[in-house]
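>>> sequence and predicted structure are below.
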Amino acid sequence: MNLNGIGMTSMRTRKRLIDTLRGMGVSDERVLSAMMETPRHLFVDEGISSHAYDNSSLPIGFGQTISQPYIVALMTQVLLDGKRLKRVLEVGTGSGYQSAVLSKLVGDVYTVERIVPLLKKAKLVHYRLKMRNIHYKLAKGGKFGWSDAGLYDGIIVTAAPVVIPEELYEQLEIGGRMVIPYGTQESQELVLIERTPEGFTRKRLEAVRFVPLIGEA
Ligand code: SAM
């Protein structure tokens, strides 16, 4: 793997993408810098790497996708809310791009994926990029998330359940935030859920389209 990738052109096209995200209302400079520094072209197949800095989702095999950069930026910005989170759970590693962005911004990232080759590939790219604060788990059915690693101050879910699973709420610390899409393949919305001492609050963010979260009862 050539870590320099497509070199200077890539820096120019990355900058253009960051300007697009800023224009769409992403304002957290830490998120924008993390995305500027993260080589998205290494997370997609070489054959489509010339599109890596387009603001669009791209196929990563197995019927899955790397999310649109705007959605990655929006979800990350809402999750962090300007703070430095210690432990973030990501459900749906996919290409590993979202976890790579998060690894620059939070203490530790715990990422869970159900497709073995995707998890292996993501791990390899992270390893080569010397990202050492990402922890991996293969989802084998049963409970969603990674409950035996403790509670999280942030949870980001990058696949959509029809109904938000109860066990994901339970893995959130008091004061913690979860950004998650939910709905059917025809109609989904992205929401922010916050755990308060009294329970949970929910705020609608925007309409989205994610692949389904698999394994619902
Ligand atoms: N965050 C990813 C990235 O940066 O490339 C994009 C993820 S892709 C839109 C959604 C991923 O969720 C797929 O790789 C899919 O296999 C995974 N997935 C679906 N159901 C899952 C489950 N129950 N547990 C873990 N991962 C799941």
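Nice, thanks for sending it over.

>>> remind me, longest strand of the protein?
strand 172-183 (DSSP state E).

>>> which intervals of the protein have sub-threshold pLDDT?
1-9, 216-217 (pLDDT under 70).

>>> interface residues of the protein facing the ligand?
Counting by C-beta under 6 Å from any ligand atom, the chain comes close to the ligand at 64-67, 91-92, 94-95, 97-98, 112-115, 118, 139, 144, 158-159, 210-211, 213-215. Heads up, the C-betas are built off the backbone N, CA and C, glycines and all.

>>> among those, name the ones in strands.
Per DSSP E, these map to strands at 64-66, 91, 112-113.

>>> just the closest of those residues to V191, please.
Relative to V191, the closest of those is V91; by C-beta to C-beta it sits at 14.4 Å.

>>> my read: that closest one touches K143, true?
No. Look at V91 against K143 with C-beta atoms under 8 Å: they stay out of range, at 10.9 Å.

>>> more neighbours: which of those two?
Neighbour tally, V91 and K143, criterion other C-beta atoms under 10 Å: the higher count belongs to V91, 26 against 16.

>>> so what's that one up against?
Listed by C-beta atoms under 8 Å, 6 or more residues apart in numbering, the contact partners of V91 are 112, 139, 144-145, 155-159, 168, 213.

>>> what of G215?
Counting by C-beta under 8 Å, 6+ apart, G215 has contacts 114, 139, 141-142, 144.

>>> closest to S50 among those?
R114 (29.3 Å).

>>> which residue would you name as the spatial centre of this structure?
Q98 (3.6 Å; C-alpha atoms, centre = their mean).
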